[in-house]
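Novice: Sequence and predicted structure, then a few things I'm wondering about:
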Amino acid sequence: MQSIQESWQRFAACKGPYAELFYPPNTTERREEKSNRESDAKSICAECTVKSDCLEYAIEINETYGIWGGLNELERKVFTERRRRGR
């Protein structure tokens, strides 16, 4: 397995000052706030060169929180289920 320093994560667009957008805050978040935060995070993902690697990693480790590969928790679950049915 590759180390973090040698993998796709070095090139992730989510690194840096906006990293907090990709995970829910420790406090209660209203639906509109969540929607806005996720939309902002997904717009960063849209420009990311390692978006597909990120999504595959999140699915592989069964990540249950945050935006990974441009998808939130529910979207990843739906994506995974559709992929399983397609095989």
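Specialist: Thanks, I have the structure now.

Novice: Hmm, residue 23 is touching residue 65, no?
Specialist: Yes - look at residue 23 against residue 65 with CB atoms under 8 Å: they come within range, at 6.0 Å. For the C-beta atoms, the positions are set from N, CA and C on the backbone; glycine is no exception.

Novice: Following element in sequence after the helix or strand encompassing residue 57, please.
Specialist: Secondary structure from DSSP states H and E places residue 57 in helix 51-60. Heading C-terminal from helix 51-60, the first helix or strand you meet, by DSSP H and E, is helix 73-86.

Novice: Check which residues of that next one are buried.
Specialist: The neighbour-count check on helix 73-86 (16 or more other CB atoms under 10 Å) flags 73, 75-76 as buried.

Novice: And for stretch 17-31?
Specialist: 21-22, 24.

Novice: Next step: these restricted to strands.
Specialist: Among the buried residues of stretch 17-31, DSSP state E puts none in strands.

Novice: Let me know the closest of those to residue 54.
Specialist: residue 22 (10.1 Å; CB to CB).

Novice: Touching, that closest one and residue 41? I think so.
Specialist: Yes - taking CB under 8 Å as the definition, residue 22 is a contact partner of residue 41 at 4.8 Å.

Novice: Between those two, which contacts overlap?
Specialist: Residues touching both residue 22 and residue 41 by CB atoms under 8 Å, 6 or more residues apart in numbering: 14, 67.

Novice: center of this structure - which residue?
Specialist: Nearest residue to the geometric centre of the chain (CA atoms, centre = their mean): residue 68, 1.1 Å.

Novice: That one bridge partners, please.
Specialist: Residue 68 has the following beta-bridge partners by DSSP bridges: residue 71.

Novice: so what pLDDT did it get?
Specialist: If you check residue 68, the pLDDT there is 97.

Novice: and it, what does it touch?
Specialist: 22, 54-55, 57-58, 76 are the contacts of residue 68 under CB under 8 Å, 6+ apart.

Novice: can I get those in CSV with pLDDT?
Specialist: Output for those, formatted as CSV (pLDDT from 0 to 100):
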residue, pLDDT
22, 96
54, 95
55, 95
57, 93
58, 94
76, 97
